[in-house]
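Chemist: coords please:
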Amino acid sequence: MLKNLLARHRFARYAVAATIGVAGVLCFAPFGQFWLAPLIWLGLFLLLGESGNVRQGALTGLSFGLGFFLTGVSWVYVSLSVFGGMEWWLAGIAACLFCTVMALFPMLAGGLFKRWQPSGNWSQALYFAALIATADWLRSWVFSGFPWLAVGYSQAAPSPLNGFAPLLGVHGLSLLVALGGALLARPRQGLIFNGLLVAAGLALQQVPWTTPVGAPLSVALIQGNVPQEMKFRPEAFLRTLNQYQRLIEDNPAQLTLLPETALPIFFEQLPPMYVERLQKAAWVNHGDLILGTLTGDESGYFNSALSLGNSPTQVYSKRHLVPFGEFIPPGFSWFLQLASIPMSSFSRGSADQPPLAVAGQKVAINICYEDVFGEELIGAVPQAGILANLSNTAWFGHSLAQPQHLQIAQMRAAETGRPMLRATNTGMTAIVAASGHIQAVLPAFTSGVLKGEVVARQGETPYVRFGNLGFLVLAGLCLVASQLRKHRATSGPSRKPLS
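Modeler: Alright, predicted model coming up:
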């Protein structure tokens, strides 16, 4: 029936591909229908298989990508229009262009699938899975990288496939999900494979990749809920400072975290009496406070996390900056004339910054969307027993960005076998266990403090030790295995007819 529909209507395949892409967003937070993921990528696999040539395959992948990204990262429009000061129509064009660039990656996968499509269900499934996962991996570093909504994120806890995260990372999970979906084209094969995959994932969840170290640490994660439109206004400055001071003093803990740029001023410009009050609050609890603020020196200014308390003052400065939000790529200075984004010319922090030694533990800090780049985080992990993310997702309003970002943090915790602390301005402030499961979370768009306890971990998961190497080897093996049958068919001995 589908084949006849696609044959009769020229653009039907592209409309179906876009619809499947839209439905694919349901696999991710906040919807959490992780079981749907293999069916989504089965749909794309079948459409590509029915494509008549490379052009149709590429356009099918592009259509899928447009539906997927225009729906899944629609919050880019909110950031540009509502808080970035762009005219609504211009923000709409910019958001569409951004999503189109992201859709070029599934477009590439679709075109390559048709260009060297092998025969046989297993060969085609291996080839398809390797291409989909590799496209996600490419998206994680091309154009500075934007691996948001990589297929594997759909399998963060509580999915049983979350057990593969410490072994293969998010991109390895992308490959397994796409392979499981493609094999469902032959239901019996597909059901057996997916059943074995679930069983293996559950078994891997029982492996103690890391072990606890030290006593439980009391933490207080502060969610200020300062509206983005008020964050940098002078009239709101003192109110913001007083709010954070009150929340810190009223919620004692060994380790207290404030969100990204919670104090929207250079740390050196803060009133000395205010800094003393914060320092005293940390001293009283025999602990430390990590706050998001701005720092600067002769080389520029930085989006930083700074510690105060019993431990010596330490600073981590963000190193993976957001294009157009925190730095303007060469040739795009005109963008500043169309948007009013404060503090959009940050300098990059050093690539080899050590974890912060606070509250008797070493904490690997990452700021905002730095936690999307799993392989960049693992450099500090062998020394650090805890991960901590400071974010301000108020830029994206009431959108899918906040639950999606929390799901990404779940994947980082599972990959590294470390608990992840998230202190955010508007949500979602959370404590994520080393298994990737959410231990506690505050409601979004509320002012409050999330209190709890975490235990640091030591040891290295395979992903921490090898990064994406395991995934790349697996993807390479899938590509080679998928083409073996075709190679044997074309290079085998020719048989002459009997005379």
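Chemist: Show me what counts as buried in stretch 75-86.
Modeler: The neighbour-count check on stretch 75-86 (16 or more other C-beta atoms under 10 Å) flags 75-84, 86 as buried. Where C-beta positions appear, they are placed from N, C-alpha and C, glycine not excepted.
Chemist: now the strands for this structure?
Modeler: 211-212, 217-223, 255-257, 288-297, 300-309, 315-317, 356-358, 361-367, 386-391, 420-424, 430-432, 438-441, 448-454, 457-458 (DSSP state E).
Chemist: what is the mean pLDDT for the third one?
Modeler: Throughout strand 255-257, pLDDT has a mean value of 98.
Chemist: do the fifth one as well
Modeler: The average pLDDT for strand 300-309 rounds to 94.
Chemist: Same check on stretch 69-78?
Modeler: Here the average pLDDT along stretch 69-78 is 94.
Chemist: Which residues does it contact?
Modeler: 21-22, 24-25, 28, 91-92, 94-96, 98-99, 102-103, 148-149, 395-397, 399-401, 404 (C-beta atoms under 8 Å, 6 or more residues apart in numbering).
Chemist: Narrow these to just the buried residues.
Modeler: By 16+ other C-beta under 10 Å, the contacts of stretch 69-78 give 21-22, 24-25, 28, 91, 94-95, 98-99, 102-103, 148-149, 395-397, 399-401, 404 as buried.
Chemist: sorry, back to before: how about the strands of the chain, which one is nearest residue 323?
Modeler: strand 300-309 (13.9 Å; C-beta to C-beta).
Chemist: The closest one: which residues count as buried?
Modeler: In strand 300-309, counting by 16+ other C-beta under 10 Å, buried: 302-309.
Chemist: before we move on, back to that, quick check: the farthest pair among the buried residues of stretch 75-86?
Modeler: So, the buried residues of stretch 75-86 by C-beta to C-beta: farthest apart are 75 and 86, at 14.1 Å.
Chemist: Poorly predicted segments of the stretch 151-300 of the chain, please.
Modeler: For the stretch 151-300 of the chain, the stretches with pLDDT under 70 are 229.
Chemist: Please enumerate the helices of it.
Modeler: Here the stretch 151-300 of the chain has its helices, by DSSP state H, counting those that start in this stretch, at 165-183, 187-204, 228-231, 234-250, 272-284.
Chemist: Among those, show me which one is buried the most.
Modeler: Counting by mean count of other C-beta atoms under 10 Å, helix 165-183 has the highest mean neighbour count of these, with a mean of 27.
Chemist: Can you report how many residues lie near the spatially closest residue to residue 326 that is not a sequence neighbour?
Modeler: Of all residues not flanking residue 326 in the chain, residue 346 sits nearest, at 4.5 Å (C-beta to C-beta, 6 or more residues apart in numbering). Per other C-beta atoms under 10 Å, the neighbour tally for residue 346 reads 20.
Chemist: ok, residue 309 touching residue 279?
Modeler: Yes - the pair residue 309 / residue 279 is scored as a contact, 6.8 Å apart, by C-beta atoms under 8 Å.
Chemist: Between these two, which contacts overlap?
Modeler: Joint contacts of residue 309 and residue 279 (C-beta under 8 Å, 6+ apart) are residue 289.
Chemist: Using CSV, list the CA coordinates for stretch 118-129.
Modeler: Extracted in CSV, the C-alpha atoms of stretch 118-129 (Å, rounded to 0.1, in the frame of the first residue of the first chain):
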residue,chain,number,x,y,z
PRO,A,118,23.8,-3.4,-0.6
SER,A,119,21.4,-6.3,-1.1
GLY,A,120,20.1,-8.4,1.7
ASN,A,121,18.3,-7.2,4.8
TRP,A,122,21.2,-7.6,7.2
SER,A,123,23.6,-5.9,4.9
GLN,A,124,21.2,-3.0,4.3
ALA,A,125,20.4,-2.7,8.0
LEU,A,126,24.1,-2.6,9.0
TYR,A,127,24.9,0.0,6.3
PHE,A,128,21.9,2.2,7.3
ALA,A,129,22.7,2.0,11.0
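Chemist: buried residues in it?
Modeler: 118, 121-129.
Chemist: got it, and stretch 386-398?
Modeler: 386-397.
Chemist: Next one, pLDDT for the residue positioned nearest the centre of the chain please.
Modeler: Central residue of the chain (C-alpha atoms, centre = their mean): residue 372, 3.4 Å from the mean position. As predicted, residue 372 sits at a pLDDT of 96.
Chemist: ok, so of the buried residues of stretch 75-86, who is nearest residue 230?
Modeler: Taking C-beta to C-beta as the measure, residue 230 lies nearest residue 83 of the buried residues of stretch 75-86, at 11.1 Å.
Chemist: So residue 159 is in contact with residue 34, correct?
Modeler: Yes - using C-beta under 8 Å, residue 159 is in contact with residue 34, at 4.1 Å.
Chemist: circling back: which residues touch the residue nearest to residue 326?
Modeler: Per C-beta under 8 Å, 6+ apart, neighbours of residue 346: 300-303, 318, 321, 326-327.
Chemist: Try it again at 10 Å.
Modeler: Residue 346 makes contacts with 294, 296, 300-304, 317-318, 321-322, 325-327, as judged by C-beta atoms under 10 Å, 6 or more residues apart in numbering.
Chemist: before we move on, what about residue 423?
Modeler: 219-224, 256-260, 262, 290-292, 305, 388-392, 429-430, 442, 449-450.
Chemist: With residue 22 instead?
Modeler: Contacts of residue 22 (C-beta under 10 Å, 6+ apart): 64, 66-68, 70-72.
Chemist: who wins for most neighbours among the residues you listed?
Modeler: residue 64 (30 neighbours).
Chemist: Grab the nearest non-local neighbour of residue 357.
Modeler: Using C-beta to C-beta, 6+ apart and skipping the chain neighbours, the partner closest in space to residue 357 is residue 311 (5.9 Å).
Chemist: Ramachandran angles for that neighbour?
Modeler: phi -80, psi 160 (degrees, to the nearest 10).
Chemist: quick one: it and residue 421, what's the gap?
Modeler: Distance, residue 311 to residue 421, by C-beta to C-beta, to the nearest Å: 16 Å.
Chemist: between the two, who's got more neighbours?
Modeler: Neighbours were counted for residue 311 and for residue 421 using other C-beta under 10 Å; residue 421 has more, 29 against 17.
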